[in-house]
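A.B. asks: show me the folded form of this:
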Amino acid sequence: MDPGYQDGAQPGLEVAPQQQQHQQQQQQPWLQVRTDDMKELVVPVDPEMYYRGMPPPQDSHTAPITLSHPPPSNRKKKLRIVVAIVIALVVVLAAVLGGVLGSRAGAGKSDASALPQGAPEPSKSPNPSISISTSISPTGTAQPQMVQQGSSLTVGGWRKPNGDLELWLFYQDRQDELRYSRCNSTRPLPGQKSCWGPPVSFNSYPKANAPLGLGLLIFGNLQPQAELFYGGQSNRLLGTSLNDQVIPSVSDDSVNGVQITTGTNSSLASYWPLIIFQDSAGSLWYVRNRLLSDWSPTSDWDVTKTKFTAMTASKLALVPMSTNFTRTAATVGSAIFYQAVDGKLAVGVAELNTSNPETPQSWTTDIPSITLPNRAPIAAFSVARPTDTQQRVDTYVLYPDLSYNLHMLYTDTSSGSTVWKTTQPAALGGVDKDTNLACLTFSTTDRNAVNSAINLETASEDIRCFYQKGGLIMEAKLVGTDWEVTGNVPIP
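C.D. replies: Residues are numbered from 1 along each chain as shown. Sure thing, here's the model as predicted:
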């Protein structure tokens, strides 16, 4: 059997029509058919475009237009002199009035100190429609302005060749723009207490309260590439590719061309090469990049309906079911955690190929009965099971109770068999009731820059989860089966 994903190897799966032929890409992965001037042309495509998941650029046949203007007439010159005199008079008058109005503004400023105690200060924002809050969180720190309260959160990370961990954390700010913070090492930056750099904004088209999902793509020499997926206007599923090693470093993702519409309040979850969303009827779907036989990414995507139905607006979490990228991408797939219609935590496995009985399952989907608050946040991550030769995983899930203290469901294999257990970490109590959750699953690949596979790591203190408390995005690390809060992500 070919190691890559093949349409014929997935009986019973619904596949959306694509604009390009998969077989043609396998034969000539860097050629693409395009219609130009009513003729079909085969044009070469830059391999970096395929890595980025981008369609090829369109040719431009329009030459730049230069406009010339005749010299002004004598009449126009006289008119310009008159206008100049008028402007000079206006400037003098403005200077006189400015002194008067300035003194009034000073008086108004002194009067502001006499406002009743507790009365709000006038807005000092350059944009009158945007008020600048100086509220203080329960932690005693001013609430950040560059992250929205209740923002969706998504995180991805990979292990660098030097052993450092690089993290990408995405969120939405108060003006509905998307931003990310980046940690290039688990050690603090010089002169700082944190490894996190300043927030970075980028071109995107999100709707208000947009759901977010992140997949980190690692393949060959170009690595890593952040594939951010989010909800746009009219409930469109949109994507942005971010990669410092190519120009431009930020571009629209090819998934935009598939024109996928999600449910109005759909959540999103992603682990490369999969994306999960919910439709308006509650059904869960997965979108999968149509990888070639050598596991290289393409600009094509398949859209498939799963057999799982969730509560409307259920939060979603997605984790790999194997430590091996090729198994996650083509056979056992990933597990989806969601809130069922009855309000309980549920899980289903989106198997991509059920015809291979030799693929081991990491654990049973028969989890304990856990009732969640309506539309409660859910986050999950997988790690390699120690000393397991079948490349199975252990999985952890975070969720809140009615008081919004976080609990953890996890697989315990210490007895030799897999048992689901629960615990309530003391450090993760009292989170914001509108918080979202995000947890790190290390990225994997079949081929890195030195043509070596990167498999999932075992559990360590480099595993991080994120949530909001007092408006701040808090960071916690896994310590055995407990958690330790390391602080808040520094966001102004």
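
A.B. asks: pretty sure Arg236 contacts Gln259?
C.D. replies: Yes - here Arg236 reaches Gln259: they are 7.0 Å apart, a contact under C-beta atoms under 8 Å. Every residue, glycine included, has its C-beta placed from N, CA and C.

A.B. asks: more neighbours: which of these two?
C.D. replies: Neighbour tally, Arg236 and Gln259, criterion other C-beta atoms under 10 Å: the higher count belongs to Arg236, 16 against 9.

A.B. asks: give the contact list for that one.
C.D. replies: 256, 259-262 (C-beta atoms under 8 Å, 6 or more residues apart in numbering).

A.B. asks: which of those residues sits closest to Ile275?
C.D. replies: Within the contacts of Arg236, proximity to Ile275 (C-beta to C-beta) peaks at Ile260, which comes in at 8.8 Å.

A.B. asks: confidence score at the nearest residue to the closest one once chain neighbours are set aside?
C.D. replies: In this structure, Ile260 finds its nearest non-sequential neighbour in Leu237, 4.1 Å apart by C-beta to C-beta, 6 or more residues apart in numbering. Leu237 carries a pLDDT score of 98 in this model.

A.B. asks: related to what we said a few turns ago, what about burial for the contacts of Arg236, which qualify?
C.D. replies: When the contacts of Arg236 are checked for burial by 16 or more other C-beta atoms under 10 Å, the buried set is 256, 260, 262.

A.B. asks: so how far is Tyr286 from the closest residue to Ser234 other than its chain neighbours?
C.D. replies: Spatial nearest neighbour of Ser234, excluding adjacent residues (C-beta to C-beta, 6+ apart): Thr261 at 7.1 Å. For Thr261, the distance to Tyr286 equals 15 Å [C-beta to C-beta, to the nearest Å].

A.B. asks: my guess is Ser270 meets Phe277, correct?
C.D. replies: No - here Ser270 lies out of contact with Phe277, judged by C-beta under 8 Å, at a distance of 9.6 Å.

A.B. asks: mind listing the strands for the stretch 301-450 of the chain?
C.D. replies: Counting by DSSP state E, counting those that start in this stretch, the stretch 301-450 of the chain has strands at residues 301-309, 317-320, 334-339, 345-350, 379-384, 393-400, 406-412, 419-423, 438-439.

A.B. asks: neighbouring strands - and their directions - for the fourth one?
C.D. replies: Same thing as strand 345-350. Strand pairing for strand 345-350, determined by DSSP bridges: strand 334-339 (antiparallel).

A.B. asks: helices of this structure, start to end?
C.D. replies: For the chain, applying DSSP state H gives helices covering 22-27, 47-52, 74-112, 325-330.

A.B. asks: picking up where we left off before, quick one: which of the strands of the stretch 301-450 of the chain is nearest Thr371?
C.D. replies: So among those, strand 345-350 is nearest, using C-beta to C-beta, at 7.9 Å.

A.B. asks: now that closest one: mean pLDDT?
C.D. replies: Averaging pLDDT along strand 345-350 gives 93.

A.B. asks: count of residues packed around Thr304?
C.D. replies: The number of residues packed near Thr304 is 17, by other C-beta under 10 Å.

A.B. asks: is it true that it touches Arg290?
C.D. replies: No - in this structure, Thr304 is not within contact of Arg290 by C-beta under 8 Å, at 11.4 Å.

A.B. asks: point out where the stretch 151-300 of the chain drops to low pLDDT.
C.D. replies: The model of the stretch 151-300 of the chain has pLDDT under 70 over residues 186-187, 189, 222.

A.B. asks: 90 - rerun?
C.D. replies: 160-164, 184-194, 220-223, 244-246 (pLDDT under 90).

A.B. asks: quick one: the strands in it?
C.D. replies: 154-159, 165-172, 178-183, 200-201, 212-219, 222-231, 237-242, 250-252, 268-271, 274-278, 283-289.

A.B. asks: okay if I get those as JSON lines plus distance to Ala329 and mean neighbour count?
C.D. replies: As requested, the strands of the stretch 151-300 of the chain are exported to JSON lines (distance: least, C-beta to C-beta, whole Å; neighbours: other C-beta atoms under 10 Å):
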{"stretch": "strand 154-159", "distance to Ala329": "16", "mean neighbour count": "23"}
{"stretch": "strand 165-172", "distance to Ala329": "20", "mean neighbour count": "24"}
{"stretch": "strand 178-183", "distance to Ala329": "25", "mean neighbour count": "22"}
{"stretch": "strand 200-201", "distance to Ala329": "29", "mean neighbour count": "13"}
{"stretch": "strand 212-219", "distance to Ala329": "11", "mean neighbour count": "24"}
{"stretch": "strand 222-231", "distance to Ala329": "14", "mean neighbour count": "24"}
{"stretch": "strand 237-242", "distance to Ala329": "18", "mean neighbour count": "23"}
{"stretch": "strand 250-252", "distance to Ala329": "23", "mean neighbour count": "18"}
{"stretch": "strand 268-271", "distance to Ala329": "10", "mean neighbour count": "27"}
{"stretch": "strand 274-278", "distance to Ala329": "8", "mean neighbour count": "26"}
{"stretch": "strand 283-289", "distance to Ala329": "8", "mean neighbour count": "22"}
